[in-house]
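A.B. asks: Just need the structure, nothing else, for what follows:
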Amino acid sequence: MNLPLPLQFLAASLAVWLARGLQERVDYLRAENRLLREKLGAKRLQLTDAERRRLAMLGRRLGRKGLAAVATIASPETILGDVHLTVESRGRLHGTITRVGQLGQALAPASC
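C.D. replies: Next up, the predicted model:
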């Protein structure tokens, strides 16, 4: 389906305008995060498993390069390394965890 040239121009202009607005928001949030991180100083943040899981799920969508551009409280490797929390929590939600080598056998959730 080919749009008439004026509509193509309008659609392209709208897309550029929306992208610019989103980029401005991202730039603001990056600056705000940097400022908050500077105020926090060298103190280490203690994140709960739920917070780490949330960052891991969102970080997985961005990928390592995307995280490198925006991550400020942990390295991309740390965030992506926490993806195992999402897998573990899914097993607990379903009430069973299967382990390699014991395929087909449902085990009770491991206590942490």
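A.B. asks: Where do the helices of the protein begin and end?
C.D. replies: In the chain, the helices defined using DSSP state H lie at 5-40, 49-70, 76-81, 83-94.
A.B. asks: Counting by contacts, list what the first one packs against.
C.D. replies: Helices and strands in packing contact with helix 5-40 are listed as helix 49-70; criterion 3 or more C-beta pairs under 8 Å, 6 or more residues apart in numbering; DSSP states H and E. All C-beta spots, glycine's among them, are computed from the backbone N, C-alpha and C.
A.B. asks: Under the pLDDT cut-off, which ranges of the chain? List them.
C.D. replies: Counting by pLDDT under 70, the ranges of the chain that qualify are 1, 83-112.
A.B. asks: hmm, 80 instead?
C.D. replies: For the chain, the stretches flagged by pLDDT under 80 are 1, 82-112.
A.B. asks: domain assignment for it?
C.D. replies: Residue ranges for the structural domains of the chain, counted by automatic domain parsing, are given in the record as 1-41, 44-97.
A.B. asks: roughly how far out does the longest one sit from the chain middle?
C.D. replies: The gap between the average C-alpha position of domain 44-97 and the chain average comes to 7 Å, counting by C-alpha atoms, centre = their mean, to the nearest Å.
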